[in-house]
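S.K.: I'll drop the sequence and a predicted model, then ask my questions.
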Amino acid sequence: MNEIPTILFVDDDKLLLHLIIKKLPKKFNIICAHNIDQSINILENTKVDFAVIDLNLSNTSSFDGLDIVKLCTSKNIKSVVLTSDDDLEVIKRGYKLGCLSFFTKWNISENFNQTVLPIILLCCENEQIKLKESLFKLYPTDHKELRDSILQIVNRPFSTEDHILLTGNTGVGKSYLAEVIHKLTSSEKPFICLNLSEYPEQMIESILFGHRKGSFTGATEDKKGLLEEVHGGTLFLDEIGTLTISLQKKLLRILEDKSFYPIGSNKIIKTSFRLITATCDKLQSLIKEGKFRSDFYYRINREQIKIADLKERRNDIRLLTSFFLKNEKINKKIFIEESAIEKIINNNWPGNTRELKNYLLGLIKNTNGYIQADDIILSKQILDEIITDKMFDHINSVGLNRFIQQIENETFNRTWNLSGQKVNKTISQLKISKSMFYRLKESSNEK
């Protein structure tokens, strides 16, 4: 991603633009527009960090540049005005529309570096540094593809049309990343999350849409839905691959119409929000199987961030280890030897960030605060103790696939019974998805 700030200059005086741009540092990407149509096209289709705007873009005195100031403000783009007009009413209108400063064109090419340039530097460079510092404080990552994707999103103005799809295997941290993106782009607005795999279809519909008293059995009072509460903010739907076709259709219509009816109501509710979804499923495969709508997929996938497994970004293991040891609510000070960190880094962590975090928290509880290499007992060491010669003989007898099925069924049945046959508790203890839960349950019933 190109992180060089982009500056838009709007002026029909090409000679003046040439004289000004010559004085600018090469650290900026410069775009020029000479009329209002060009300006609008650039602002609608290009990421712009700052705009320098002439008010008179035609032979009339209509001050059409004020429309560009207004558009910049709506997109959270800082702007200053260059003008040959000193009408106080025009200056007042410009400031009310959101520009930072007015400058007269007289002698501007000579004193541009002392007047306009400091404002550009302050707005662009400081904001970039601030965002990057905030990002790495909230979401430590040294993985370039992941970091660049996140920066591309947080560097542009918040938009309720800016729908984001987070993909990656279980435990990579999709839910946490959704919250980080919200904090960096729109922290003052609502952030509401819902894991779709935890509820049946009818309950999900009621949670999202809300309902009116008496609309169905158990609806003893009016209840506002999440779609109404999240207006103007971010709605995060985890495990989007488990959403039924029927609800996909309804949610797609809401994204297009920006309105809906609560269950049992004929009163329309207006809503507009940015949707962040997450999945560990292969949505393209679900589309081929007829379990996921292609139009809904393309609607929620305006921007996709794939979070790779930890074993593919091993330097993140070091960053996250430090992050968890410093940021969790730990009463004692922790010192971890480099040899211990190296041992952690060299582990594959099939459960990804969630597994790493849980392991470190357990490690902290079982040490005195000084962690050495011998304290790090990882999955390979544990498996060496678990997988016995007798187990290998059994695998050679029945085959690996049959052995895995037996292990799955026996583990599921024991956990299911020990949990009191509670669905969510079983899923939590086995660290599996809801779809895998039902597969195992069906398989164990066939025994």
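M.R.: Cool, the structure landed. What you are looking at is a predicted structure, and each value in this text was computed from that prediction instead of being measured.
S.K.: CA only for contacts and neighbour counts going forward, please
M.R.: Noted.
S.K.: and the end-to-end length of stretch 271-285?
M.R.: Using C-alpha to C-alpha, to the nearest Å, the end-to-end distance of stretch 271-285 comes to 31 Å.
S.K.: Gly232 is in contact with Glu188, isn't it?
M.R.: No. Using C-alpha atoms under 8 Å, Gly232 makes no contact with Glu188, being 10.1 Å away.
S.K.: give the bridge partners for the residue found closest to Ile21 once you drop the neighbours it is linked to in the chain, please.
M.R.: Nearest residue to Ile21, sequence neighbours excluded (C-alpha to C-alpha, 6 or more residues apart in numbering): Ile30, at 7.9 Å. For Ile30, the beta-bridge partners are Ile7 (DSSP bridges).
S.K.: now do Ile30 against Leu24, distance only.
M.R.: Separation of Ile30 from Leu24 (C-alpha to C-alpha): 9 Å.
S.K.: related to what we said a few turns ago, what's around the residue nearest to Ile21, how many residues?
M.R.: For Ile30, the neighbour count with other C-alpha atoms under 10 Å is 16.
S.K.: show me what contacts it?
M.R.: Ile30 makes contact with Thr6, Ile7, Leu8, Phe9, Ile21, according to C-alpha atoms under 8 Å, 6 or more residues apart in numbering.
S.K.: could you list the domains of this protein?
M.R.: Listed domain ranges for the chain are 6-131, 139-306, 310-384, 388-445 (source: automatic domain parsing).
S.K.: in a markdown table, list these along with mean pLDDT.
M.R.: Output for the domains of the chain, formatted as a markdown table (pLDDT from 0 to 100):
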| stretch | mean pLDDT |
| --- | --- |
| domain 6-131 | 83 |
| domain 139-306 | 92 |
| domain 310-384 | 84 |
| domain 388-445 | 84 |
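S.K.: which residues in the stretch 201-350 of the chain form strands?
M.R.: Along the stretch 201-350 of the chain, the segments classed as strands by DSSP state E, counting those that start in this stretch run 210-211, 223-224, 234-238, 259-260, 269-270, 274-279, 303-306, 335-336.
S.K.: of all the ones you listed, which lies closest to Cys124?
M.R.: strand 303-306 (23.6 Å; C-alpha to C-alpha).
S.K.: centre of the chain versus the closest one, how much separation?
M.R.: Chain-centre distance of strand 303-306: 8 Å, with C-alpha atoms, centre = their mean, to the nearest Å.
S.K.: equivalent analysis for stretch 388-405, please.
M.R.: Per C-alpha atoms, centre = their mean, the centroid offset for stretch 388-405 relative to its chain is 42 Å.
S.K.: pull the residues that contact it.
M.R.: Stretch 388-405 has contacts (C-alpha under 8 Å, 6+ apart) with no other residue.
S.K.: buried residues of it, list them for me.
M.R.: Buried residues in stretch 388-405, defined by neighbour count with 16 or more other C-alpha atoms under 10 Å: Phe403.
S.K.: okay, how far is it across it, tip to tip?
M.R.: 18 Å.
S.K.: the chain should start at 19 in everything you say after this.
M.R.: New numbering, starting at 19: the last item is stretch 406-423.
S.K.: neighbour-wise, give me the winner out of the contacts of Ile48.
M.R.: In the contacts of Ile48, the most neighbours by other C-alpha under 10 Å go to Phe27, 24 neighbours.
S.K.: ok but that one is inside a strand, no?
M.R.: Yes. Applying DSSP: H, G, I helix; E, B strand; the rest coil, one finds Phe27 inside a strand.
S.K.: now the strands for the stretch 69-218 of the chain?
M.R.: With strands called from DSSP E, counting those that start in this stretch, the stretch 69-218 of the chain shows them at 96-101, 119-122, 182-185, 209-213.
S.K.: can you redo those strands as TSV with mean neighbour count and distance to Lys443?
M.R.: Shown next, in TSV, are the strands of the stretch 69-218 of the chain (neighbours: other C-alpha atoms under 10 Å; distance: least, C-alpha to C-alpha, whole Å):
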stretch	mean neighbour count	distance to Lys443
strand 96-101	23	50
strand 119-122	16	59
strand 182-185	23	25
strand 209-213	18	15
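S.K.: I'd guess Asn414 is in a helix, am I close?
M.R.: Yes. Under three-state DSSP, Asn414 sits within a helix.
S.K.: tell me how far it lies from Tyr113.
M.R.: 79 Å.
S.K.: same thing with Thr406?
M.R.: For Thr406, the distance to Tyr113 equals 76 Å [C-alpha to C-alpha].
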